[in-house]
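A.B. asks: after the sequence you'll find the predicted model.
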Amino acid sequence: MAFWWVNHKQTVRQETEGGYVWSPKANANGARNASYDNLTRCQPGDVVYSYAYGRIGSIGLVETAAITAPKPPEFGSAGDYWSQEGWLVRVNWQPLREPLVPQTFFALLQPCFRSAIARLAPPVAVETKVYIWRPSTRLWDCSCSS
């Protein structure tokens, strides 16, 4: 089982309500994007943390491996510059009763983040252009140790 963190502020409602995560296969300029490719690494049973607006609002379990799928029409104008074809992973999202605000326990989470992929710096939230990535260790272990 792997753990994943998805930054999806633009489409969090559509994806969590629709039971999936979607990304284009490439950047707007056609270049490959390693964080988009990460969707192809998600496997059934993996855990995904949904991060948007400075908080983790849902946690989900991956139900299916990635498939090629068109951009969801419910995205509307979100990501107008994204290609129309991408990766789709089905996720069984469960909303948290109380969203987690990572910056409130930054010191515990900091070891989970690879500086080459994403950067946390108090008092700001995640500063990244990465869509979905795998923390270096399980967030649960980080938040429960110490």
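C.D. replies: Happy to help now that I have it.
A.B. asks: E15: neighbouring residues, count only.
C.D. replies: 26 (other C-beta atoms under 10 Å). Any C-beta I mention is one placed from the backbone N, CA and C, and that applies to glycine too.
A.B. asks: sorry, wrong one. I was asking about T68.
C.D. replies: For T68, the count of nearby residues is 10 (other C-beta under 10 Å).
A.B. asks: check R13 too.
C.D. replies: 14.
A.B. asks: sec struct for it, please.
C.D. replies: Look at R13: counting by DSSP: H, G, I helix; E, B strand; the rest coil, its state is helix.
A.B. asks: what pairs with the residue lying closest to S83 once chain neighbours are set aside across the strands?
C.D. replies: Leaving aside its sequence neighbours, S83 sits nearest to P24 (C-beta to C-beta, 6 or more residues apart in numbering; 4.4 Å). Beta-bridge partners for P24, by DSSP bridges, are G86.
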